[in-house]
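Peer 1: Below is the sequence, then the predicted model.
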Amino acid sequence: MLYSPSPPHYSERKRLQSAFVLILLLSQISLCSLLQASRGSVKPFVNFNAKQDADLLRKAMKGIGTDEDAILMLLTARSKEQRQEIKAAYKKAHGKDLVKDLKSELGGKLEDLIVALMSPPRVYDADQLHKAIKGAGTNDKVLIEILASRTSEQLKEIVKAYKKEHGKLEKDIMGDTNGHYQRMLIILLQGEREEGVDESRVEKDAKELFAAGEGKFGTDEDKFINILGNRSAEHLSKVFEAYKKIAGCDIEESIQGECTGNLEEVLLAVVKCAKSVPGYFAESLRESMRRAGTDDETLIRIMVSRSEEDMLDIRTKYKKMYGESLYRTIQAGEDTEGDYGKALLYLCGGDD
């Protein structure tokens, strides 16, 4: 007689059904979390084929003339990981270095943007820092922007990437800066911010910041550096609220009144990033395009580095802060025309 397993008991059946429903719910929650976590305008391309893309790029650059449109449309629609796969596939299929070919075929601002897209994000950050330190004069704007806005994990990756390509980042910063400004940069570089909110210290930190500036003759810069350089963004946001009640003004106003030069700039950047990283970048983008003559280095750096991080949030903040969309601002710029302008608009990802 063949063995025929008896059907599971009713209660067992219910337990299995409940477990199955729970698994479905958890998988949906995980998917939703993944989608919510991705706030970039550039997403991984569906049905991606690295070999096919490599061949399309080769075709766009082969022969007389270059199909810039094909190049920028393809590369702005691929994720950072996919671009690295395309680079490897291009080398394998055509025996040539894709970045070198792009540099030889493109020019000007479009070349700068496309080449930037081809670097892994932390390598790109490391290269930007090296250029800022080792170029003619220190580009403090770049040092401040990157060190104030990147996460602790990203900063640690930048240090590794820099060491591999250029040497010791901390040593190079020490050699090119000084004073309280230098100390703040080095603290930020460690990527060792505390986590969470310590409610017992919020009021104390706010009072100490007030006593270090508005509440005394002269300024205790070290107190500003220690608190702003080490507390978490969440903790600092609460400190700033408490500070406003004590001082009767925003922390930014106090910093502007108590500090000057690069120290003022880095402290303000840290405060703005603690409040809202997308808001900080929305303001930086506005500054890069509002004067006669666009600051293309800043524009490219932000559009490339934030396209897969938080560009959607930057767009929302931009519209709220300035009453027009980032897309329209780029579109209307005299210096953001042609293929370069198209590439920027693709990275922007749409109008609001």
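Peer 2: Everything's here; your move.

Peer 1: name the helices or strands packed onto the host helix or strand of Tyr181?
Peer 2: In this structure, Tyr181 sits in helix 179-189 according to DSSP states H and E. Helices and strands touching helix 179-189, by 3 or more Cβ pairs under 8 Å, 6 or more residues apart in numbering; DSSP states H and E, are helix 140-149, helix 152-165, helix 169-176, helix 221-230, helix 261-275. Just so you know, the C-beta spots here come from the backbone N, C-alpha and C atoms, and that holds for glycine as well.

Peer 1: Mind telling me what element Gln331 is part of?
Peer 2: helix 326-332.

Peer 1: Then Leu345?
Peer 2: Per DSSP H and E: Leu345 is located in helix 338-348.

Peer 1: Show me which parts of that helix are buried, residue by residue.
Peer 2: For helix 338-348, burial by neighbour count (16 or more other Cβ atoms under 10 Å) applies to 339-348.

Peer 1: same deal with stretch 138-153?
Peer 2: Of the residues in stretch 138-153, 139-150 count as buried by neighbour count, 16+ other Cβ under 10 Å.

Peer 1: Closest one of the residues you listed to Glu208?
Peer 2: Closest approach to Glu208 among the buried residues of stretch 138-153 (Cβ to Cβ): Ala148, at 21.0 Å.

Peer 1: tell me the contacts of the nearest residue to the closest one once chain neighbours are set aside?
Peer 2: Closest residue to Ala148 apart from its sequence neighbours, by Cβ to Cβ, 6 or more residues apart in numbering: Ala269 at 3.9 Å. By Cβ atoms under 8 Å, 6 or more residues apart in numbering, Ala269 lies in contact with 144-145, 148-149, 280.

Peer 1: please redo it, this time with the cut-off set to 7 Å
Peer 2: The contact partners of Ala269, taken as Cβ atoms under 7 Å, 6 or more residues apart in numbering, are 144-145, 148, 280.

Peer 1: Could you check how far the residue positioned nearest the centre of the chain is from Leu285?
Peer 2: In the chain, the centroid-proximal residue (Cα atoms, centre = their mean) is Arg306; its distance is 4.3 Å. For Arg306, the distance to Leu285 equals 9 Å [Cβ to Cβ, to the nearest Å].

Peer 1: can you check Gly261 too?
Peer 2: For Gly261 relative to Leu285 (Cβ to Cβ), the value is 24 Å.

Peer 1: Which one's more surrounded, those two?
Peer 2: Neighbours around Gly261 and Leu285, counted as other Cβ atoms under 10 Å, are more numerous at Leu285. The numbers are 25 against 11.

Peer 1: so where's the stretch 151-300 of the chain uncertain?
Peer 2: Scanning the stretch 151-300 of the chain for pLDDT under 70 picks out 215-217.

Peer 1: quick one: contacts for the residue nearest to Met73 when sequence neighbours are not counted?
Peer 2: Nearest residue to Met73, sequence neighbours excluded (Cβ to Cβ, 6+ apart): Tyr346, at 7.0 Å. By Cβ under 7 Å, 6+ apart, the contact list for Tyr346 reads 72-73, 76-77.

Peer 1: what's the closest of those to Gln256?
Peer 2: Taking Cβ to Cβ as the measure, Gln256 sits nearest to Thr76 out of the contacts of Tyr346, at 37.7 Å.

Peer 1: Was I right to think the closest one contacts Leu345?
Peer 2: No - counting by Cβ atoms under 7 Å, Thr76 does not reach Leu345; the two are 9.0 Å apart.

Peer 1: confidence score at Glu308?
Peer 2: In this prediction, Glu308 carries a pLDDT score of 96.

Peer 1: Also Ala136?
Peer 2: The per-residue pLDDT reported for Ala136 equals 76.

Peer 1: and if you look at the one 4 residues further on?
Peer 2: The predicted local distance difference test score for Asp140 is 97.

Peer 1: Kindly indicate whether the nearest residue to Lys156 once chain neighbours are set aside is helix, strand or coil.
Peer 2: Leaving aside its chain neighbours, Lys156 sits nearest to Gly191 (4.8 Å; criterion: Cβ to Cβ, 6+ apart). Using DSSP: H, G, I helix; E, B strand; the rest coil, the structure places Gly191 in coil.

Peer 1: Could you measure from the residue nearest to Thr219 when sequence neighbours are not counted over to Leu143?
Peer 2: The shortest distance from Thr219 to any non-neighbouring residue, by Cβ to Cβ, 6+ apart, is to Glu258 (4.3 Å). Distance of Glu258 to Leu143, computed by Cβ to Cβ: 21 Å.

Peer 1: With Gly293 instead?
Peer 2: Here the criterion is Cβ to Cβ. By it, Gly293 lies 22 Å from Leu143.

Peer 1: and what of Glu105?
Peer 2: Distance, Glu105 to Leu143, using Cβ to Cβ: 32 Å.

Peer 1: circling back: hmm, Ile314 and the residue nearest to the centre of the chain touching each other?
Peer 2: Yes - using Cβ under 7 Å, Arg306 is in contact with Ile314, at 6.0 Å.
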